[in-house]
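Asks: Sequence first, predicted model second:
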Amino acid sequence: MAASTAALTQLLLISAGVVLFLLLIAAFWFGGRRRRRAVAPPWPAEQNPAVQSREDSWQTPQEHARNERRHRYREQ
């Protein structure tokens, strides 16, 4: 009788460990799905209209200085 009780206890602990392991795997899987479905935070260009208008442009300091009267760089 003592042997069957020990075997039953071992079987119960092993099955509880397997169930716990499967629950952890499921939690990570559902969390990954939830994160993929979440709305991405807005980019800085989407928040600031001034940045949005220059989002795809790039100027050298000399090109920028030609457009700005208060900044003057020597032409090279």
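Replies: Now that the structure is in, tell me what you want to look at.
Asks: and residue 48, how many residues sit next to it?
Replies: 13 (other CB atoms under 10 Å). Yep, even glycine has a C-beta here, placed from its N, CA and C like the rest.
Asks: Can you classify residue 42 by secondary structure?
Replies: Under DSSP: H, G, I helix; E, B strand; the rest coil, residue 42 falls in the coil class.
Asks: which SSE is residue 12 in?
Replies: Element membership for residue 12 (DSSP states H and E) is helix 2-37.
Asks: buried stuff in that helix?
Replies: Going by neighbour count (16 or more other CB atoms under 10 Å), nothing in helix 2-37 comes out as buried.
Asks: Give me the domain ranges for this structure.
Replies: 1-38, 42-76 (automatic domain parsing).
Asks: worst average pLDDT in these?
Replies: Ranked by mean pLDDT, these bottom out at domain 42-76, with a mean of 63.
Asks: Using the three-state scheme, assign residue 39.
Replies: Of the three states, residue 39 takes coil under three-state DSSP.
Asks: Give me the distance between it and residue 28.
Replies: Residue 39 is 21 Å from residue 28, where distance means CB to CB, to the nearest Å.
Asks: Over to residue 11?
Replies: Residue 11 is 27 Å from residue 28, by CB to CB.
Asks: next one: residue 34
Replies: For residue 34, the distance to residue 28 - CB to CB - is 11 Å.
Asks: Ok, residue 17 next?
Replies: Per CB to CB, residue 17 is found 17 Å from residue 28.
Asks: ok, now residue 40?
Replies: Distance of residue 40 to residue 28, computed by CB to CB: 21 Å.
Asks: Can you tell me how far residue 14 is from residue 22?
Replies: Residue 14 is 13 Å from residue 22, by CB to CB.
Asks: Name the residues contacting each of the two.
Replies: With contacts defined as CB atoms under 8 Å, 6 or more residues apart in numbering, no residue is shared by residue 14 and residue 22.
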